[in-house]
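> missing the sequence, but the structure's below:
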């Protein structure tokens, strides 16, 4: 059988794969992209990412959850109507975004091949009966939810973060296991929908990567909005007793939720790729080893996205794919991924961060100060009725250069980019003080956080 020849073969049409493919195609390379799912876009379009964010916005809109206190009302919809409208909206958005990804590939002349790919070594990939040859191969097969053997996923009332989207009806009670980004997003969404949610996390805080103080504020807001948050708590067993789910927690508590969502991380889709045969090394956690240019240990093979490990964000994965393609073909366009990438958790409220946390800065021996702008004092937040949270600035004491921004609030994922840009450009907190912001706006919280930081500096100096 004769092989089909391309300059680049990409395995996986998720964020990393799509952007690598179109980046190379833009500069005149012949590209094929292999996807095992029916549609391109990866989990960011099909199961996580966009569907989760759509679920969040739809839930908040249908229930009036954000504004129920300020206006004194909330919508009460029939649970079956809620789930029907949620699924319809998710399907609509997924269709739009899948079409956008497919259209981008077609517009750039990328050949989309459906099937399961396996490395044959020496620049060759098998897809069913087809063999593809390329000087460069990029591995971007994405990830899937982790499924520990101790969790009974065979029970229809126990879901992972993908299967939870297939629920036929809204559960009255839900136990969410895992206080990471996915667990927090779903916990807040189902709380907004009227489900009684218990969120358990084995560590002493939600979102282990977040600033400690901000994570504490975040957990307090969750509790205020109705989620039962239990920290330093683990699940010891999940079983059926007299036809009902029974979950035993550390400390002796027993819960009987209608449904359980296990949100305990993700694992890369690397099995059956033929990594070992091709000479591609993985670390003890099964993540593909790459260098600063996203080259693996095998000549001509690159990797990007979830399969290389944290941060496993769609935004960062896209940039990794672009950088890998540019390096592979010596394209002088994009040679490094932004070192100050933002992180956003699309819960209700949102949490976002960029740069160093207060704890991380102190551990590095940096003499820092902090400033806080509370949304409870922000006019726009008061008008909107979303006064939970704050903007927290972390900056060097000596020169007031900003090194970290941490936000809990209704539009944190949008607000973070202003702080991210200032960190990337090594600007001082004075930038916010001397800038003019529209008023009233959520962005004004930056200005007052900076003023608070200056007051703290003055107090320490005194």
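The structure has been received and is ready for your questions. Everything numeric here is computed off the predicted structure, so don't read it as measured data.

> so the closest residue to residue 272 other than its chain neighbours bridges to which residues?
Spatial nearest neighbour of residue 272, chain neighbours left out: residue 118 (6.4 Å); criterion: C-beta to C-beta, 6 or more residues apart in numbering. Just so you know, the C-beta spots here come from the backbone N, C-alpha and C atoms, and that holds for glycine as well. Legend: beta-bridge partners of residue 118 under DSSP bridges are residue 126.

> residue ranges with poor pLDDT in the protein?
Within the chain, the stretches with pLDDT under 70 are 1, 43-49, 62-82, 460-462.

> Show me how it divides into domains.
As assigned by automatic domain parsing, the chain contains the domains 4-145+267-328, 158-264, 349-461.

> Tell me which residues touch residue 195, please.
Residue 195 makes contact with 170, 171, 172, 173, 174 under the criterion C-beta atoms under 8 Å, 6 or more residues apart in numbering.

> what's the neighbour count on the second one?
Look at residue 171: counted by other C-beta atoms under 10 Å, it has 21 neighbours.

> Which elements pack onto the longest helix anywhere in the chain?
Longest among the helix segments of the chain by residue count, using DSSP state H, is helix 79-107. On a contact count with 3 or more C-beta pairs under 8 Å, 6 or more residues apart in numbering; DSSP states H and E, helix 79-107 meets helix 15-26, helix 43-46, helix 50-63, strand 111-114.

> go with 10 Å
helix 15-26, strand 31-35, helix 43-46, helix 50-63, strand 111-114 (3 or more C-beta pairs under 10 Å, 6 or more residues apart in numbering; DSSP states H and E).

> Strands of the stretch 101-250 of the chain, start to end?
Taking DSSP state E, counting those that start in this stretch, the strands of the stretch 101-250 of the chain run over residues 111-114, 117-121, 124-127, 130-139, 143-145, 158-159, 173-177, 196-200, 228-230, 235-241, 244-249.

> Run me through the strand neighbours of the fifth one, direction for each.
In this case it means strand 143-145. Strand 143-145 has the following sheet partners, assigned by DSSP bridges: strand 266-268 (antiparallel).

> gap between whatever helix or strand comes next after the partner strand and the chain center?
Counting by DSSP states H and E, the next helix or strand C-terminal to strand 266-268 is helix 275-278. Distance of helix 275-278 from the chain centroid (C-alpha atoms, centre = their mean, to the nearest Å) equals 29 Å.

> quick one: buried residues of the helix or strand that comes right after helix 275-278?
Sequence order places strand 301-303 as the next helix or strand after helix 275-278, per DSSP H and E. Neighbour counts over strand 301-303 (16 or more other C-beta atoms under 10 Å) mark 301, 302, 303 as buried.

> Same question for stretch 103-119.
Neighbour counts over stretch 103-119 (16+ other C-beta under 10 Å) mark 104, 105, 110, 111, 112, 113, 117, 118, 119 as buried.

> hang on, residue 402 is in a helix, isn't it?
No - per DSSP: H, G, I helix; E, B strand; the rest coil, residue 402 lies outside any helix segment and is strand.

> That one and residue 394 touch, don't they?
Yes - the pair residue 402 and residue 394 passes the contact test of C-beta atoms under 10 Å, sitting 7.5 Å apart.

> Overlap of the contact sets of these two?
355, 356, 371, 419, 423, 429, 453 (C-beta atoms under 10 Å, 6 or more residues apart in numbering).

> Count the neighbours of the third one for me.
Read it as residue 371. Neighbour number of residue 371 under other C-beta under 10 Å is 25.

> Let me see the ranges of the helices in the stretch 301-450 of the chain.
314-328, 358-363, 379-384, 412-424, 430-434, 444-461 (DSSP state H, counting those that start in this stretch).

> Compare those helices and give me the one nearest residue 217.
For those, the distance to residue 217 is smallest for helix 412-424, at 11.5 Å, taking C-beta to C-beta.

> Run the chain-centre distance for that closest one.
16 Å.

> Also stretch 133-141?
Computed by C-alpha atoms, centre = their mean, the chain-centroid distance of stretch 133-141 equals 25 Å.

> Tell me who's in contact with the residue nearest to the spatial centre of the chain.
The centroid of the chain falls nearest to residue 313 when counting by C-alpha atoms, centre = their mean (5.1 Å). With contact set as C-beta under 10 Å, 6+ apart, residue 313 has these partners: 15, 44, 49, 181, 305, 306, 319, 320, 341, 342, 343, 344.

> Next one: it from residue 261, what distance?
21 Å (C-beta to C-beta, to the nearest Å).

> what about stretch 322-339, how long is it end to end?
Using C-alpha to C-alpha, to the nearest Å, one end of stretch 322-339 lies 15 Å from the other.

> For that stretch, buried residues please.
322, 323, 324, 325, 326, 327, 328, 329, 331, 334, 337.

> which among those residues gets closest to residue 269?
The closest of the buried residues of stretch 322-339 to residue 269 turns out to be residue 324 (C-beta to C-beta; 17.6 Å).

> circling back to that earlier point, how about the helices of the stretch 301-450 of the chain in a markdown table, adding distance to residue 223?
Listed next are the helices of the stretch 301-450 of the chain as a markdown table, based on distance: least, C-beta to C-beta, whole Å:
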| stretch | distance to residue 223 |
| --- | --- |
| helix 314-328 | 29 |
| helix 358-363 | 22 |
| helix 379-384 | 19 |
| helix 412-424 | 18 |
| helix 430-434 | 31 |
| helix 444-461 | 22 |
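
> Buried deepest among those helices, which one?
Of all those, helix 314-328 has the most neighbours on average by mean count of other C-beta atoms under 10 Å, namely a mean of 24.

> Residue 189: which of the helices and strands packed on helix 79-107 is closest?
helix 50-63 (5.1 Å).

> And that closest one, what does it pack against?
In terms of contacts (3+ C-beta pairs under 10 Å, 6+ apart), helix 50-63 is packed against helix 43-46, helix 79-107, helix 181-192.

> Pipe these into a markdown table and attach distance to residue 408 per row.
Putting the helices and strands packed on helix 50-63 into a markdown table (distance: least, C-beta to C-beta, whole Å) gives the following:
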| stretch | distance to residue 408 |
| --- | --- |
| helix 43-46 | 24 |
| helix 79-107 | 25 |
| helix 181-192 | 11 |
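
> Select, out of the ones you listed, the one closest to residue 28.
With C-beta to C-beta, the closest approach to residue 28 among the helices and strands packed on helix 50-63 belongs to helix 79-107: 14.5 Å.

> Give the buried residues for the closest one.
Quick answer for helix 79-107 (16+ other C-beta under 10 Å): 82-83, 86-87, 89-90, 93-94, 97-98, 101-102, 104-105.

> picking up where we left off before, let's see if you can find the most crowded of the contacts of residue 313.
residue 305 (34 neighbours).

> Who are the contact partners of the closest residue to that one other than its chain neighbours?
Closest residue to residue 305 apart from its sequence neighbours, by C-beta to C-beta, 6+ apart: residue 16 at 3.4 Å. Counting by C-beta under 10 Å, 6+ apart, residue 16 touches 10, 42, 44, 138-142, 294, 302-308, 314, 316-322, 324-325.
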